[in-house]
Structures are given as C-alpha cells and as structure tokens.
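Asks: Below are the sequence and a predicted model for it; my questions follow.
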Amino acid sequence: MQSQGQQVLARVVEKLGSVEHAAARLGISATLLQRLLSGTVPLPDQILLKAMDLVVDGVPVETPAVAQPQAPKGPVVI
C-alpha cells in the first residue's frame, strides 16, 4: 500500500510522463525518485512539498525547450 506521499510523487510522474522528467523538476536523481516511490527511502518533507506544489499548480505536460522571443531593447530605428 502506498503512502500519501508516494501517491503525490506518482501523480507528478504521471503528469510529467516519466520518472526522469519528474526527478528533474523535483531537483533529485531518477534513482532517488524510484526509491522514494517504492518506499525504500523515507520521503523528506522538502521533496514532498515540491511535489505537492507541482500537483496543485498544474504542471504543464511539456515544458518549452526554446526561450520566448523578447521585444528589442532601445528605440526603433526605421
């Protein structure tokens, strides 16, 4: 039976599509995330809080790989 913390982590993995993406967003290794999901390592509060933020804030399925274009700086010369 999964703990509530493990369920939150599983939800993050589901929303992001892979353990690797979820681990990157949580700032941990994929190996550690696997251990947290299996319950072999206790879930630290800090990681649980990050995971809860990702679930509550509505994690986008894909993060944009390209930066958004910015408006030119300074006066426009024609």
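Replies: In hand now; what should we look at? Numbers count the residues shown, from 1 in each chain.

Asks: going forward, measure contacts between C-alpha atoms and count neighbours the same way
Replies: Noted.

Asks: so what's Val59 scoring on pLDDT?
Replies: Note on Val59: pLDDT of 55.

Asks: which stretches of the chain form helices?
Replies: Ranges of helices within the chain are 4-16, 19-26, 30-38, 45-56, based on DSSP state H.

Asks: Can you redo these as JSON lines, where the extra columns are mean neighbour count?
Replies: JSON lines is the format used below for these (neighbours: other CA atoms under 10 Å):
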{"stretch": "helix 4-16", "mean neighbour count": "19"}
{"stretch": "helix 19-26", "mean neighbour count": "19"}
{"stretch": "helix 30-38", "mean neighbour count": "17"}
{"stretch": "helix 45-56", "mean neighbour count": "16"}
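
Asks: can you redo those as TSV with mean pLDDT?
Replies: As requested, the helices of the chain are arranged in TSV below (pLDDT from 0 to 100):
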stretch	mean pLDDT
helix 4-16	95
helix 19-26	95
helix 30-38	97
helix 45-56	94
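
Asks: so who does Thr45 touch?
Replies: Slight slip there: residue 45 is Asp, not Thr. Applying CA atoms under 8 Å, 6 or more residues apart in numbering to Asp45 gives no contacts.
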